[in-house]
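Asker: just to be clear, the model below is a prediction. Sequence and coordinates:
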Amino acid sequence: MNLALSKLPPSFYLRPTVQVARDLLGKYIVHKFKGKRLVGRIVEVEAYCRNDPASHSYRGQTERNRVMFWTGGHLYVYFTYGMHFCANVVTRNEGVGEAVLLRAVEPVDGLKEMMKQRGTTPQEGGGQAGDYGSYRRIANLTNGPAKVCEAFGIDRRLNGADLTGNRVFIGEIKNRYEKIKIGASTRVGIVSGQEKMWRFYIKENPFVSKAKVHP
DNA sequence: TGGACGATCCCCT
DNA sequence: GGGGATCGTCCAT
């Protein structure tokens, strides 16, 4: 597959974070990795804003979260639980400190490499030659924020990467308008009495994460 | 200098 | 549905 994608302009990322989060649904993230072109369609995101107790930026800038305070259009990658990376799209102007967490994507291109990164192989558990396996199996490659990073080879080396550059970027298909049904819920793993509905996903999309959402 | 904990995932029951 | 893995980060001594 070789989609003709046009990169989103810097102005896309400078808008209000919740708006950017919703608009990222249906867009394509691309990482040129080990000579391969890994592509995923974004199907689930979460917004993290200033004055938001759940945001890494809430207590101000630190060595870990400094990229969150860069100008919109950069990639903020952090390490968590001693073993996982998560990728965020920085939004708004320099110094604000807001971002959108990429929670799940639909694998589009480079599935073989994604499986290699995730420690699985094509055809495992049956299937014909050239078959990547069941829907469920493919979804399991990238239906969670740390899974996305592992499958796409995203780690701390990409922290601060320019999303309007060539190595890793987000784009959309030229001349295609697609109507998307967007669902909203509270964010995953956030404990707060007044948690906002800042998790957004494409409704009825099988690649959305299976993470439990507390009521 | 140390202890608590996390925007998670996977395996086990 | 529950718990363990595993370590960087942050804040309180």
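Answerer: Nice, thanks for sending it over.
Asker: alpha carbons only for contacts and neighbour counts from here, please
Answerer: Will do.
Asker: get me the contact residues on chain A for DNA strand C.
Answerer: A:59, A:62-65, A:79-83 (Cα under 7 Å from any atom of the strand).
Asker: just the buried subset of these, please.
Answerer: Among the residues of chain A next to DNA strand C, those classed as buried by neighbour count (16 or more other Cα atoms under 10 Å) are A:Asn65.
Asker: ok, and which of the residues of chain A next to DNA strand C reach DNA strand B?
Answerer: Checking the residues of chain A next to DNA strand C against DNA strand B (Cα under 7 Å from any atom of the strand), the matches are A:80-82.
Asker: in which helix or strand does the closest residue to DNA strand C within chain A reside?
Answerer: The nearest approach of chain A to DNA strand C comes at A:Gly82, 3.2 Å away (Cα to the nearest atom of the strand). Following DSSP states H and E, there is no helix or strand that holds A:Gly82.
Asker: mind listing the strands for chain A?
Answerer: A:5-7, A:28-33, A:36-48, A:75-80, A:84-91, A:98-109, A:168-173, A:182-185, A:199-202 (DSSP state E).
Asker: average pLDDT for the first one?
Answerer: If I follow you right, that is strand A:5-7. Mean pLDDT, computed over strand A:5-7, is 96.
Asker: again with the second one
Answerer: In this model, strand A:28-33 has an average pLDDT of 98.
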